[in-house]
Structures are given as structure tokens and as C-alpha cells.
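# Take a look and give me a structure for this.
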Amino acid sequence: MKHAGAGIAITGSGSAAPVASLDNDQLSQIVETSDEWITARTGIRQRRLANSGGTLAQLATQAAAQAIAMAGLTALDIDLIVLATSTPDDLFGTAGLVQAGLGASRAVAFDLTAACSGFVFGLVTASQFIHTGVYRNVVLIGADVLSRWVDWSDRRTCILFGDAAGAVVLQANERDRLLGFELRSDGTQNHYLNLAYQPQATSLLDGLEIGQGSFHPITMNGQEVYRFAVRRVPEVIEKALFRANLGVEAVDWLLLHQANQRILDAVAQRLNIAPEKVISNLARYGNTSAASIPLALDEVVRQGTVNPGDTIATAGFGAGLTWGAAIFQWGR
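Here you go, the predicted structure:
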């Protein structure tokens, strides 16, 4: 139940990406591909890659610190940190490391895993703590280091992914700037995109066997994921708009998970949203999973492209399979 005066506002944003980049021409020296082939099919021209000493916690902490500063808060003002990631430094969770790195000693912190939908799922999850009056200042981070889990000999997947983090600050506000949302999952399609654990049979005693192993690199049926996205994403955005009691004409900006430019174009076309309203930076970063939406948001906010009060329709989609949309206004 929403308490009086417990709406949410998104008051700060931040982002971080590794310094090292890998462009398509360089990638063609690793696998049989070309800049022309990659660009035509995905719109991606380069991606950022964390080095062997780079951690998810470092990227997430840097993005969160920027968002906190933009919101005019300090780390000690933060009540909750939600880290949306599928590539933690520690399987027990990485949000605690971010809390320590920020010095946000009063904040509770936890990880949330919903792959490329993680930021949208995190936005809805974090907002509930504010709506119920439990917390007032929340940091939501989307961060992934997918280069750790890419098979660099598989040209179907290695061309797509990059590493980055993005963050926003959500604050209690008199007027609720989260106008509507819709979240969906379909586990029957999980096999189309996954990063699965591969157990190896290990005998402890006669008749007592366990499975120990590691995670297999990312596998994806690109054709099925594309088909799923162009069908389901417009639908879920329309449902979120319905819950917000808005028509598509009220949307100032379409901010989708940055997976593939052809998906962005197809979704905008199906919704009758003009190309100039579509936010895209995947040419420079590739698919950064949970980081992609806040990374792109921070860029356009800092450029002054997005202004306070602008209405943004955002949607994430990916492994699980999961998908979801949220309609929000930037600023207080």
C-alpha cells in the first residue's frame, strides 16, 4: 500500500565503463567476422572491456557515487542499495562490496538478478520500499562484466557484449514520478539465452556423488531472442502506458535495453514512436546487460538532452526469459 507523500523521483544518475575498448576491426582478428557484418546486423561498432584486475564492484561503486553526487546527497544518506547484475564478483553477492566502497554504512544492500531486464525489475523493486514508507533514499545500480562469460571463439555472441555500470538515485517525493509498469517472465523459453552451471560428477564416498563444476559461457539463439523482443517489448510498453493512463503520444523518449539497433528500430516502429525519440548508445558500448539502460540514461541526462519532467518509456528484455517496462518522469 502506498503511503501519502511516498511517491518516487529519480534525482541522480551516474555511469562507469572500463577504459579499454575493442572495435569491430580488432574483433575480426580474433574471430572470422567484419565491421560491416557486425554493424549491419547489430549496430554495434565497439565495446568496453574490463581488464583482468577490473571488478564489477569498482564499476558499480563509481557509477553509484556519481548518481549520489548529482542527487545532492552523501553516502550516509542512502538507506538501500540494489545492485542488478548477473555477473557478480562473488556469488554470495556484490552489493555489500559496493556499500563498503561508497562508505554507505547505514544502507542495506543486496543483489538482484534478472539479466538484461535487471534494471527495470530493480526500478520496480526499489520503488516499493519507498512507496511503503520503509526507505527514503535508494541507489539502484545496473552493472555487468559479461566479458568474463563470453566464448571469444563464438562469433554469434562475442560480437555483442561489453562491460559497464549505470546507476540512479530514487528518493521519496510528494509527486510519484513512476507512472506505471508491467513485468513478465517465461521460464519455458529459458534455453534461448543462458549462462548455465555445468556440473561435473564428483564422488565423495561410495554411493555418494555430488556435482562440482563451473559456469558455461553464454549461449544464445539470436533469431528466437530477436523474435521474442520485437513481439513482446511493444506489448509490455503498451501495458505499462495503460497502467499510467497515458497514450504513446505522451512519450518524450523511448529508452530500451541496448541489445541490437534493429530491435530498437522495430519496437519504435511498432509503437509509432519517431526515430529521433529513441535513445541509443550501443554503437559505442555494445550490450552491457543490466547496465545498458542507466548507462544510456546518464549520458543523455548529462548532455542536457533529457530535461526534468520528460516522460520516458523504458523496457528491458533478455535471459530468463524476462521482460518488463516502466513509464517514469525524470527529476522531481
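# so where is the stretch 1-150 of the chain shaky, pLDDT-wise?
Along the stretch 1-150 of the chain, segments meeting pLDDT under 70 span 1-5.
# all strands of it, in order?
7-16, 21-23, 46-48, 80-84, 108-112, 137-145 (DSSP state E, counting those that start in this stretch).
# What is the distance between the last one and the centre of its chain?
What it means is strand 137-145. 9 Å (CA atoms, centre = their mean, to the nearest Å).
# Can you list the strands that the helix or strand just after it pairs with?
Next along the chain after strand 137-145, taking DSSP states H and E as the criterion, comes strand 163-173. Using DSSP bridges, strand 163-173 pairs in its sheet with strand 7-16 (antiparallel), strand 137-145 (antiparallel).
# Please identify the most buried of the ones you listed.
Mean neighbour count (mean count of other CB atoms under 10 Å) peaks for strand 137-145 among the strands paired with strand 163-173, with a mean of 30. For glycine as for every other residue, the C-beta is placed from the backbone atoms N, C-alpha and C.
# Give me the phi and psi for the residue lying closest to Q261 once chain neighbours are set aside.
Excluding the flanking residues, the one nearest Q261 by CB to CB, 6 or more residues apart in numbering is G43, at 2.6 Å. Backbone torsions for G43, taken as degrees, to the nearest 10, come to phi 80, psi 0.
# one step back: quick one: which of the strands of the stretch 1-150 of the chain is nearest L256?
strand 137-145 (13.4 Å; CB to CB).
# circling back: among the strands of the stretch 1-150 of the chain, which is nearest Y226?
Once the strands of the stretch 1-150 of the chain are compared by CB to CB, strand 46-48 is nearest, at 18.9 Å.
# I312 is nearest to which of the strands paired with strand 163-173?
Closest among the strands paired with strand 163-173, using CB to CB: strand 7-16, at 9.1 Å.
# from the middle of its chain, how far away would the closest one be?
14 Å.
# Same check on stretch 59-66?
The answer for stretch 59-66 is 14 Å, by CA atoms, centre = their mean.
# residues in contact with it?
12-18, 50, 75, 81, 83, 85, 94, 97-98, 101-102, 139, 141, 143, 145, 163-167, 291, 294, 298 (CB atoms under 8 Å, 6 or more residues apart in numbering).
# how about a cut-off of 6 Å?
14-16, 83, 98, 101-102, 139, 141, 143, 165-167 (CB atoms under 6 Å, 6 or more residues apart in numbering).
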